[in-house]
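Student: model this:
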Amino acid sequence: MRTIKAKYKKGSGSFEPMEPVELPDNATVDVVIPESTTTDAVDVIVVPEPVPDAIEAFHRSAGGWSTLVPEEFITEAYRRRESRRHPIDL
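Tutor: Residues are numbered from 1 along each chain as shown. Next up, the predicted model:
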């Protein structure tokens, strides 16, 4: 997700991005507008709808990094995690 600046066109009821946006034609997005819009500049968050192909690609990539991390690093990370656990004194 990324935040962009856009100009609102009251006459057409549309938002015009002020920077390049890579979205498919006619993509539906969510626009989040703060309750208080007392200034000319308002931050707007544009969130595109998930694309089924992108979701499937995300699921296929799960665990794909595991062969890129040395086993020694993983072992040390788990060792340090365990050493920070303390029993709760009641």
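Student: chain center to the lengthiest helix in the chain, what's the gap?
Tutor: Ranked by residue count under DSSP state H, the longest helix found in the chain is helix 71-83. Its chain's C-alpha centre and that of helix 71-83 lie 28 Å apart, by Cα atoms, centre = their mean, to the nearest Å.
Student: same check, this time on stretch 2-9
Tutor: Counting by Cα atoms, centre = their mean, stretch 2-9 comes out at 17 Å from the chain centroid.
Student: Please apply the same query to stretch 16-28.
Tutor: With Cα atoms, centre = their mean, you get 16 Å for stretch 16-28.
Student: For it, C-alpha coordinates in CSV please.
Tutor: Extracted as CSV, the C-alpha positions of stretch 16-28 are listed here (Å, rounded to 0.1, in the frame of the first residue of the first chain):
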residue,chain,number,x,y,z
GLU,A,16,-6.4,13.4,-10.2
PRO,A,17,-3.2,11.8,-9.1
MET,A,18,-0.3,14.3,-8.7
GLU,A,19,2.3,11.5,-9.4
PRO,A,20,2.5,8.4,-11.6
VAL,A,21,0.2,5.5,-10.5
GLU,A,22,0.6,2.0,-11.8
LEU,A,23,-3.0,0.6,-11.8
PRO,A,24,-5.0,-1.3,-14.4
ASP,A,25,-7.6,0.7,-16.4
ASN,A,26,-10.9,1.1,-14.4
ALA,A,27,-9.3,-0.2,-11.2
THR,A,28,-11.4,0.3,-8.2
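Student: Tell me the spacing between Lys7 and Ile33.
Tutor: 13 Å (Cβ to Cβ, to the nearest Å). Every residue, glycine included, has its C-beta placed from N, CA and C.
Student: Just checking, which helix or strand of the protein averages the lowest pLDDT?
Tutor: strand 44-48 (a mean of 65; mean pLDDT, DSSP states H and E).
Student: How many residues are close by the residue nearest to Glu16 when sequence neighbours are not counted?
Tutor: Distances taken as Cβ to Cβ, 6 or more residues apart in numbering put Lys7 closest to Glu16, at 4.7 Å, once the chain neighbours are dropped. When neighbours are defined as other Cβ atoms under 10 Å, Lys7 has 11 of them.
Student: No more questions from me, cheers.
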